[in-house]
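Engineer: What follows is a protein structure lacking sequence information:
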């Protein structure tokens, strides 16, 4: 006789599950917990029962450090992807529709090993007339959107997202992703900063995400359901010089979006029209052209914080701008012929992030005059040789990061003047062989990260004993030994 269980709540389920599993023994038991989200790890402890031959398999989009054994699933290879696609288009009556080999390869290439997309795309062809199937395949092969070719596809894909009412922020973040190019690394710190400008984003400087082009289409589709003038986010993809006709009219509609993203391709060379978008807080410009002028309308965006792909020779004054992020840009010569001083163009700038800008050899001297600057974060700029000697003029600077700037050989002695300074990160700066002589004058320094500074081998300078507020030093074992003689003088320090 099978036992009866009355489950009325989650607590009942957790309490009664061991009893149910005990009725299965002595047979081996594999409990599969599918799609466990980051932050739900504590729930996994409730499924650990003292039952013989009992194992738990967890699938998740992130790895959990507390798990001893992890396996990273890779996207489907071409052979498996083609097999899955063909099975997805198999007709119910048993007679298969088999697309031409070159068509299948094209679809598999675009789907990039994404099983869900392969199934949905394949299923959309099931039962359709041969003429319809061929028409869709031709459109897809010419680059037309998958989602735009079949009204059913967006619904199928949207149903898999499962954004519940208590996951509104996750849904908003997903739609934000649509503003970034597909298949490019998107710094996680930028995404977090859009939602939360707290200090927590400092811990995500090495993390990136990439966006599948189908998911980007879906994110853009979700963002475009409302009338344009009512959308909180507006995402525009401009091909060639084909600007939206509404932008070319003398009387233009006011853009009320708080989030504006504009992408152009390599053939764009149009002079920008005067867009009115005073409420924009986040502007993302993905410009593929090498020479362009920053749009004049940016100057009137009073609530703006910006992530842009490049700088222009004639810098537009952005008096309200507080944060700027430059990722994978060619900015080495961006300031050489600038007709306006940085301090006048960006007087209220508080944070600069520069990442993977491979032609950056030195920072402009004028940067040291932006006195409100609080965070200067430069990572993975391997050709950066030196910092401005006047960096000590940035008296409000609190965070300074030069992670993985491998050619940077030293920090200017003028940083001794940065008395609000609390975080210094020189991790993986392979050429730095010593700390600044007067580093002890950084009276508020709390965190020093120096992991991977392989040339830093000599004893630490005497002034380090004056770092009374220093709480954490992050380093490798060899560098940790250098701090042993110092630890007795710094009571708060943990290495």
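Structural biologist: In hand now; what should we look at? Keep in mind the model is a prediction, meaning the values are calculated, not measured. Numbering: from 1, shown residues only.
Engineer: Low-confidence regions, the stretch 101-250 of the chain specifically.
Structural biologist: Along the stretch 101-250 of the chain, segments meeting pLDDT under 70 span 141-153, 156, 159-168, 182-185, 189, 193-207, 240, 246-250.
Engineer: What ranges does it have for its helices?
Structural biologist: Assigned by DSSP state H, counting those that start in this stretch, the helices in the stretch 101-250 of the chain fall at 101-111, 115-125, 130-141, 146-149, 152-159, 168-177, 188-195, 213-223, 245-248.
Engineer: Mind checking the ones you listed for the one nearest to residue 302?
Structural biologist: With respect to residue 302, and counting by Cβ to Cβ, the nearest of the helices of the stretch 101-250 of the chain is helix 188-195 at 18.0 Å. For the C-beta atoms, the positions are set from N, CA and C on the backbone; glycine is no exception.
Engineer: Tell me which of the helices of the stretch 101-250 of the chain sits nearest to residue 355.
Structural biologist: With Cβ to Cβ as the criterion, residue 355 lies closest to helix 188-195 of the helices of the stretch 101-250 of the chain, at 8.8 Å.
Engineer: Residue 381 is nearest to which of the helices of the stretch 101-250 of the chain?
Structural biologist: helix 188-195 (15.4 Å).
Engineer: What is the neighbour count of residue 125?
Structural biologist: Per other Cβ atoms under 10 Å, the neighbour tally for residue 125 reads 20.
Engineer: now residue 106
Structural biologist: A total of 15 residues lie near residue 106 under the criterion other Cβ under 10 Å.
Engineer: Make sure it is actually in contact with residue 139.
Structural biologist: No: counting by Cβ atoms under 8 Å, residue 106 does not reach residue 139; the two are 11.3 Å apart.
Engineer: sorry, back to before: select, out of the helices of the stretch 101-250 of the chain, the one closest to residue 320.
Structural biologist: When the helices of the stretch 101-250 of the chain are compared by Cβ to Cβ, helix 188-195 sits nearest residue 320, at 16.7 Å.
Engineer: List the residues that contact the residue nearest to residue 232 when sequence neighbours are not counted.
Structural biologist: Leaving aside its chain neighbours, residue 232 sits nearest to residue 258 (5.5 Å; criterion: Cβ to Cβ, 6 or more residues apart in numbering). Residue 258 is in contact with 232-233, 279-282, 303, counting by Cβ atoms under 8 Å, 6 or more residues apart in numbering.
Engineer: Buried subset of these as a ChimeraX selection?
Structural biologist: Remark: buried members of the contacts of residue 258, expressed as a ChimeraX selection using 16 or more other Cβ atoms under 10 Å:
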select :233,279,280,282
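Engineer: okay, the contacts of residue 258 in TSV with distance to residue 34 and secondary structure next?
Structural biologist: Output for the contacts of residue 258, formatted as TSV (distance: Cβ to Cβ, whole Å; DSSP: H, G, I helix; E, B strand; the rest coil):
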residue	distance to residue 34	secondary structure
232	32	coil
233	31	strand
279	41	coil
280	39	coil
281	37	coil
282	34	strand
303	41	coil
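Engineer: Greatest separation within the contacts of residue 258: which pair is it?
Structural biologist: 233 and 303 (14.1 Å).
Engineer: all strands of the stretch 1-150 of the chain, in order?
Structural biologist: Ranges of strands within the stretch 1-150 of the chain are 29-36, 54-60, based on DSSP state E, counting those that start in this stretch.
Engineer: quick one, which of those is packed in tightest?
Structural biologist: Mean neighbours per residue, mean count of other Cβ atoms under 10 Å, is largest over those for strand 54-60, with a mean of 14.
Engineer: can you confirm residue 348 is in a strand?
Structural biologist: No: the assignment for residue 348, made by DSSP: H, G, I helix; E, B strand; the rest coil, is coil rather than a strand.
Engineer: per-residue confidence at it?
Structural biologist: Residue 348 is assigned a predicted lDDT (pLDDT) of 87.
Engineer: From here on, call the first residue 598.
Structural biologist: All right, first residue 598 from here; so that's residue 945.
Engineer: Got phi/psi on it?
Structural biologist: Dihedral pair for residue 945: phi -110, psi 20, per degrees, to the nearest 10.
Engineer: and if you look at the one 3 residues further on?
Structural biologist: Dihedral angles phi and psi of residue 948 (degrees, to the nearest 10) take the values phi -150, psi 130.
Engineer: and it, how many neighbours?
Structural biologist: 21.
Engineer: Quickly list what it is bridged to.
Structural biologist: Under the criterion DSSP bridges, residue 948 forms beta bridges with residue 920, residue 972.
Engineer: is it true that it touches residue 967?
Structural biologist: No: contact criterion Cβ under 8 Å: residue 948 and residue 967 do not qualify, at 10.5 Å.
Engineer: picking that back up, in JSON lines, list the contacts of residue 855 along with distance to residue 954.
Structural biologist: Formatted as JSON lines, these follow (distance: Cβ to Cβ, whole Å):
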{"residue": "829", "distance to residue 954": "31"}
{"residue": "830", "distance to residue 954": "27"}
{"residue": "876", "distance to residue 954": "30"}
{"residue": "877", "distance to residue 954": "24"}
{"residue": "878", "distance to residue 954": "24"}
{"residue": "879", "distance to residue 954": "21"}
{"residue": "900", "distance to residue 954": "27"}
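Engineer: My guess is residue 956 contacts residue 928. True?
Structural biologist: Yes: between residue 956 and residue 928 there is a contact under Cβ under 8 Å: 7.1 Å.
Engineer: between those two, who's got more neighbours?
Structural biologist: A direct count of neighbours by other Cβ under 10 Å for residue 956 and residue 928 places residue 928 higher, at 17 against 13.
Engineer: Tell me how far the more buried one lies from residue 955.
Structural biologist: Taking Cβ to Cβ, to the nearest Å as the measure, residue 928 falls 10 Å from residue 955.
Engineer: what do you get for residue 772?
Structural biologist: Separation of residue 772 from residue 955 (Cβ to Cβ) stands at 31 Å.
Engineer: out of the two, which sits in the more crowded spot?
Structural biologist: Neighbours per residue (other Cβ under 10 Å) separate residue 772 from residue 955, with residue 772 holding more: 20 against 14.
Engineer: Let me see the contact set for that one.
Structural biologist: Contact analysis of residue 772 by Cβ under 8 Å, 6+ apart lists 816, 819-820, 830.
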